[in-house]
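Novice: sequence and computational prediction follow.
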Number of protein chains: 2
Amino acid sequence: MIEISPHTVAQLLYLVHSDPEELQEALGELRAPDIAEALKELPPDAAAKVMASLPFDLAVHVFDEPELTRHRCAIIQRIDPRRVGPLIEAMSSDQQADLFREVPHEERSRLLATVSESTRSTLRKLLKYPPETAGGIMTTEFASVPSDWTVGRALMLISEVGGRKETVYAIYIVDPATQELVHVVSLRELLTAHRDDNVLDVGRRRPPLTVTADIDREEAARLISKYNLLAIPVIDDQRRMLGIVTVDDVIDALVEESTEDVQRFGGMEALDAPYMEIGFIEMIRKRAGWLCALFLSEMLTATAMQRFQGEIERAAVLAMFIPLVMSSGGNSGSQATSLVIRALALKELSLRDWWRIALRELPTGLLLGGILGVIGFVRIVLWQNIHIFNYGPHYMLLAITVGFALVGIVAFGSLAGSMLPFLLKRIGFDPASASAPFVATLVDVTGLVIYFSVAFLILHGTLL
Amino acid sequence: MIEISPHTVAQLLYLVHSDPEELQEALGELRAPDIAEALKELPPDAAAKVMASLPFDLAVHVFDEPELTRHRCAIIQRIDPRRVGPLIEAMSSDQQADLFREVPHEERSRLLATVSESTRSTLRKLLKYPPETAGGIMTTEFASVPSDWTVGRALMLISEVGGRKETVYAIYIVDPATQELVHVVSLRELLTAHRDDNVLDVGRRRPPLTVTADIDREEAARLISKYNLLAIPVIDDQRRMLGIVTVDDVIDALVEESTEDVQRFGGMEALDAPYMEIGFIEMIRKRAGWLCALFLSEMLTATAMQRFQGEIERAAVLAMFIPLVMSSGGNSGSQATSLVIRALALKELSLRDWWRIALRELPTGLLLGGILGVIGFVRIVLWQNIHIFNYGPHYMLLAITVGFALVGIVAFGSLAGSMLPFLLKRIGFDPASASAPFVATLVDVTGLVIYFSVAFLILHGTLL
């Protein structure tokens, strides 16, 4: 298996500046995605030279790689202008749209002028859809045949145009009068059917699975994954075909979404670009917002502590366990949040299930808190008795305080952590905004109040 | 678009117990994945009755749904034993293997006796591979033809067997003597080629992309996604075909992996099952382990606080800012960890890039810490001057302490958070074990030491 290595990149870079023939030979060994990966690492000038030395068909495939997205624009400005038009023209329409999304506004019209009128009008349509919708990732290349054709005629068409369509494995049967989508057959079904049969008689007839252009690309991904499709048709309000979303776009979308989910769960805005490609200022911008918001909320802990200043001064020993007790609430909350975020994303849970989760998380949190409470209790009693630290004459009451506070805080953490995504969803936010730091911050303030309340109840009259 | 609803489930449940004919009619409207989804919600007895009323072909498709994984075993025990053999026999081999993985050991041999000898021997081979490897998710149904065949003969074979193979869109060309895999052509290429050509002359000749059975399924997913494949062949050490991993298995694997990643990042063991299907004890087991480990590590904060007991008693005001200052380090660390975990998973970074990341995270952390430090400083000075709280005569020094401590702690948090996944990977663990709570715990102890060290430097001779 050939995969691109820093060595390959260096070698290409060398060949770009020395021997064009050897360069072509070296490139011949590689697949389009490998070349795209190497181009990303090259300076734009060298990348443009590599592109120029590629056979046209391979160049198109390389340029069609979503991997190149953030680099295409710089490369295209350095390619012979006469070659740019045919290259763009031959790309698949979803990648054309992606390219034009990156092009600076002032250059858009210049580039648009290099392509044919039909491509221009397709592009205008595609660019209307936001990139995170089904319309934003669909391609307009698909195989469709009128519903009065035979299997043999359909197969003939596919063997003629097959090479140019992005996918021919699903064939869309449309009503010749209304252009409405009426049936979908797979190439496999077509191949195993009688050549003289009508295409409508192939496979099982039922309303085709479709999506509209404005639905979230994640929903298209979910349907393709659930029904094991290779593509899902995108239709307008009259059930006419606009395009298809293919399984490879869906995989790219899934990988992107899961990167976004992890980053947001880590408590920041999604980066939307590889770590090493993002600028310093952009990085600060993506991280500072949430960090400041969390910091401002966490300031409530200082306010809470001010309320308990008297207690801390009388019993400084109480302060020692604040980080331990508080962080446990955040940790159990973070667990519960991660569970609920994923269950909501996978549609295992819906908004109305919130009370079922609450009824599960409360006993779970109480038991988990109980386990930690016992460990905390034992630790204080043990440290006192083997003389590692002297917590004073009331160490037993202190141990009981820490133990019970942990039960309360961990239970509250689990409950709050599991309810936060529901709450966010209910008020119209993405439940995945409920990050681990967000939950920890939420639980910290309450945790302090619980801790000092338990302390007051148990230590009143002795330490406090 | 028909999707399964609680209503459908209730309706099926009613029909199971009343009218078998109407049940069949209701089921006729649904697709296999929808029926599988409904079966999951039904009690096993009712699910078995629904299965019994399905036409055989549809029953096979329903049973082939990965969605049913955790339920198949209970259903199969309630189906007419004479029907079980043919049903299992007709499933795709990867799902057969999944079924046998769930069956209790004592029942395995009874079920194995119901299938043919060839299925048994395939199963024995497949069950050797762990489920998270390429071998564990591959299927043995694929279309292969000898390299001396013509295009026409290959197409004929496919139109005959097409209906039974899980995927016929890639055709694997093997050397008739050695059974070695020599070429892969797509059905599209085959359809557009001349019928009399040799299959080896179709498409571009180059060493096929392959994987071995023991590689991680994530790696198979990455290759399928990178090269836009519909399937990738799994070969043995003599380059003979063992099976193929298909794109739909890969999507399922990706979704599962990203659930695992989020849950582990939330600070727990991956659940490996939907939230509502997991038992209470199992849930506690998955969460208590990490929670206790984090709690024990966090106990170091109590130890650190004991060292600073004198400082706290002299200046209780210092204790007030402990939660605020500490949590900021955890938050920035959690951001950095989420970034590096994903970049490592996507292979944007490798182990040897650690110093590049360190060189980026240090200035990022310093600047982010600086921003929070200024906010913290302003807050203390403001509260003092508008008389919300009296921090004492040395409030300015306190504000400076908090400000500088934040710079140090946030910078340390970013650095530690970004290096932790590298460290875990270096010592052989999965970098994705570096959860947000893990990083927070790591940073908390150091944060305390930084805070009190800064306090000692600035407040020495005044408050301390």
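Specialist: Yep, that arrived.
Novice: contact partners for the residue positioned nearest the centre of chain A?
Specialist: Centroid check for chain A by C-alpha atoms, centre = their mean gives A:E257 as the closest residue, at 0.9 Å. When contacts are counted by C-beta atoms under 8 Å, 6 or more residues apart in numbering or on different chains, A:E257 is found next to A:E218, A:A221, B:S258. Yep, even glycine has a C-beta here, placed from its N, CA and C like the rest.
Novice: in TSV, list these along with secondary structure.
Specialist: Shown next, in TSV, are these (DSSP: H, G, I helix; E, B strand; the rest coil):
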residue	secondary structure
A:E218	helix
A:A221	helix
B:S258	helix
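Novice: tell me the one of the residues you listed nearest B:M91?
Specialist: A:A221 (25.5 Å; C-beta to C-beta).
Novice: of the contacts of A:E257 - the most surrounded one?
Specialist: The most crowded member of those, judged by other C-beta atoms under 10 Å in any protein chain shown, is A:A221 (25 neighbours).
Novice: host element of the nearest residue to that residue once chain neighbours are set aside?
Specialist: Nearest residue to A:A221, sequence neighbours excluded (C-beta to C-beta, 6 or more residues apart in numbering or on different chains): A:V250, at 4.4 Å. Following DSSP states H and E, one finds A:V250 within helix A:247-265.
Novice: that helix: how far from the chain's middle?
Specialist: Centroid displacement of helix A:247-265 relative to its chain, using C-alpha atoms, centre = their mean, to the nearest Å, is 3 Å.
Novice: got the angle for it vs helix B:247-265?
Specialist: Interaxial angle, helix A:247-265 versus helix B:247-265 (axes from the mean of the first three to the mean of the last three C-alpha atoms, to 10 degrees): 0 degrees.
Novice: okay, now the domains of chain A?
Specialist: Using automatic domain parsing, the domain parsing of chain A gives A:6-128, A:143-250, A:297-459.
Novice: A helix includes A:I388, no?
Specialist: No: assigned with three-state DSSP, A:I388 falls outside any helix and is coil.
Novice: which residues of the stretch 1-150 of chain A fall in helices?
Specialist: Secondary structure of the stretch 1-150 of chain A (DSSP state H, counting those that start in this stretch): helices at A:6-17, A:20-28, A:32-41, A:44-53, A:56-63, A:72-76, A:81-90, A:93-102, A:105-112, A:117-126, A:134-137.
Novice: next, format those helices as TSV and append mean pLDDT.
Specialist: Shown next, in TSV, are the helices of the stretch 1-150 of chain A (pLDDT from 0 to 100):
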stretch	mean pLDDT
helix A:6-17	66
helix A:20-28	73
helix A:32-41	85
helix A:44-53	86
helix A:56-63	88
helix A:72-76	86
helix A:81-90	87
helix A:93-102	88
helix A:105-112	84
helix A:117-126	91
helix A:134-137	92
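Novice: could you save those as TSV and add columns showing distance to chain B and mean neighbour count?
Specialist: Below are the helices of the stretch 1-150 of chain A laid out as TSV (distance: least, C-beta to the nearest C-beta, whole Å; neighbours: other C-beta atoms under 10 Å in any protein chain shown):
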stretch	distance to chain B	mean neighbour count
helix A:6-17	10	16
helix A:20-28	9	15
helix A:32-41	5	22
helix A:44-53	18	19
helix A:56-63	9	20
helix A:72-76	17	20
helix A:81-90	17	15
helix A:93-102	12	20
helix A:105-112	25	12
helix A:117-126	20	15
helix A:134-137	13	26
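Novice: using JSON lines, lay out these together with distance to B:F452.
Specialist: Listed next are the helices of the stretch 1-150 of chain A as JSON lines, based on distance: least, C-beta to C-beta, whole Å:
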{"stretch": "helix A:6-17", "distance to B:F452": "45"}
{"stretch": "helix A:20-28", "distance to B:F452": "60"}
{"stretch": "helix A:32-41", "distance to B:F452": "46"}
{"stretch": "helix A:44-53", "distance to B:F452": "51"}
{"stretch": "helix A:56-63", "distance to B:F452": "57"}
{"stretch": "helix A:72-76", "distance to B:F452": "50"}
{"stretch": "helix A:81-90", "distance to B:F452": "62"}
{"stretch": "helix A:93-102", "distance to B:F452": "50"}
{"stretch": "helix A:105-112", "distance to B:F452": "54"}
{"stretch": "helix A:117-126", "distance to B:F452": "59"}
{"stretch": "helix A:134-137", "distance to B:F452": "52"}
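Novice: for these, which one sits closest to B:R360?
Specialist: Comparing the helices of the stretch 1-150 of chain A under C-beta to C-beta, the one sitting nearest is helix A:32-41, at 17.9 Å.
Novice: other SSEs contacting that closest one?
Specialist: Applying 3 or more C-beta pairs under 8 Å, 6 or more residues apart in numbering or on different chains; DSSP states H and E, we find helix A:32-41 packed against helix A:6-17, helix A:44-53, helix A:56-63.
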